[in-house]
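J.: One predicted model, sequence on top.
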Amino acid sequence: MLTFNDSVFMPSVLTLIGIPGLESVQCWIGIPFCIMYLIAVTGNSLILAVIKYENSLHNPMYIFLAMLGGIDIALSTCILPKMLGIFWFHLPEIYFEVCLLQMWLIHSFQAIESGVLLAMALDRYVAICHPLRHATIFSQQLLTYIGVGVTLRAAILVAPCLLLIKCRLKFYQTTVISHSYCEHMAIVKLAAEDIQVNKVYGLFVAFTILGVDIIFITLSYVQILITVFPLPQKEARFKAFNTCIAHICVFLQFYLLAFFSFFTHRFGSHIPPYVHILLSDLYLLVPPFLNPIVYGVKTKQIRDQVLKIFFSKEIS
């Protein structure tokens, strides 16, 4: 590893310190994080299995839910094993290229999840506002295009972040990352060179994906409310809105945590660093943990199928 004027040239290994300021209790913080991860993997795997083997659930709403479950498993798996290695086994080192790969995977999966949430909102909009056209619009071909489209959008928009870091940033002030995973700005701030381009592009990606998605999701649900509330029958209003409650809960927990994490990093200079890091960690771990619980409780079809798996004799 070459050094020049107290800076490091193209480090091969970086060090993740975990949660700065809470190093002495990281081993205890890892316990609830591990429990959340196990519940996330188990719950989402169960939902995936139920949707796969129950033919009545092979429709757009549940196919999108299966996509969401798969993304949640992948996203939480990208972050937690290494995080627990830091917390429990004191293994903070990570190869520079592996760190960039983790960063790309994490931000790509976040972007894909945002795209799937947008697709779910549009699916509910068409199902409630244009029910006769729903089956025609949301065909199997369109579902395939949506899956490929949100994946390519994420991969293509996030990939330049890696190239900008790899090609433009050569000298680093330190190799120690004050974070528990390889987050874009946490890596960029290590550089001893001008990082303005990296910052601007990071903001561009965040707005292009999260900002645009949340605008269209909001418009979809505003239009749903406009359509549902004038209905004369209370039961019809309740049934139409009830199908959206689980989706709304998932949207809120994903985007609220995202904006809390984003704004505390950009404008919360007076906030202790461990608060920033904990919010970032929870932003990645809470949605995969809560999503299967929300859908398991609020979606009758999934709830009934899960109960059949565990209590088949009583239900039959």
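T.: That came through fine.
J.: quick one, what contacts the residue most central in space within the chain?
T.: Centroid-nearest residue in the chain, with C-alpha atoms, centre = their mean: Q110, separated by 3.7 Å. Neighbour list for Q110: 75, 154, 258, 284 [criterion: C-beta atoms under 8 Å, 6 or more residues apart in numbering]. Every residue, glycine included, has its C-beta placed from N, CA and C.
J.: And the last one, which helix or strand is it part of?
T.: Secondary structure from DSSP states H and E places L284 in helix 273-298.
J.: helix/strand/coil for L68?
T.: Of the three states, L68 takes helix according to DSSP: H, G, I helix; E, B strand; the rest coil.
J.: And for it, the neighbour number?
T.: 26 (other C-beta atoms under 10 Å).
J.: Repeat that for A206.
T.: 18.
J.: what kind of secondary structure is it in?
T.: helix.
J.: Which residue comes closest to it once chain neighbours are left out?
T.: Once flanking residues are discounted, A206 sits nearest to F262: 6.8 Å by C-beta to C-beta, 6 or more residues apart in numbering.
J.: Isn't the one you found up against L203?
T.: No: contact criterion C-beta atoms under 8 Å: F262 and L203 do not qualify, at 9.4 Å.
J.: re earlier: relative to Y283, how far out is the residue nearest to A206?
T.: For F262, the distance to Y283 (C-beta to C-beta, to the nearest Å) stands at 9 Å.
J.: ditto for G115
T.: For G115, the distance to Y283 - C-beta to C-beta - is 17 Å.
J.: quick one, which of the two is more surrounded?
T.: Set G115 next to Y283 and count neighbours by other C-beta under 10 Å: G115 wins out with 23 against 19.
J.: for that one, what are its contacts?
T.: 146, 149-150, 153-154, 209, 213.
J.: Now list the buried members of those.
T.: Restricting the contacts of G115 to buried positions leaves 146, 150, 153-154, 209, 213, with burial counted as 16 or more other C-beta atoms under 10 Å.
J.: Of the residues you listed, just say which sits nearest to P11.
T.: A154 (27.1 Å; C-beta to C-beta).
J.: hang on, the closest one packs against I112?
T.: Yes: if you go by C-beta under 8 Å, A154 and I112 touch, sitting 4.7 Å apart.
J.: now the residue nearest to F254 when sequence neighbours are not counted: how far from A246?
T.: Excluding the flanking residues, the one nearest F254 by C-beta to C-beta, 6+ apart is P287, at 5.0 Å. Distance from P287 to A246, counting by C-beta to C-beta: 13 Å.
J.: Give me the more crowded residue out of those two.
T.: For P287 versus A246, the count of surrounding residues by other C-beta under 10 Å is larger for P287: 25 against 19.
J.: Would you enumerate the residues in contact with the more buried one?
T.: 72, 113, 250, 253-254, 257.
J.: 10 Å instead?
T.: Contact analysis of P287 by C-beta atoms under 10 Å, 6 or more residues apart in numbering lists 40, 68, 71-72, 75-76, 110, 113, 117, 250, 253-255, 257-258, 294.
J.: Equivalent analysis for V188, please.
T.: Neighbours of V188 in contact, by C-beta under 10 Å, 6+ apart: 103, 161, 164-165, 168-169, 195-199, 201-202.
J.: Farthest-apart pair in these, please.
T.: For the contacts of V188, and using C-beta to C-beta, no pair is farther apart than M103 and Q196, which are 18.9 Å apart.
J.: Looking at the two, which is more packed in?
T.: A direct count of neighbours by other C-beta under 10 Å for M103 and Q196 places M103 higher, at 22 against 9.
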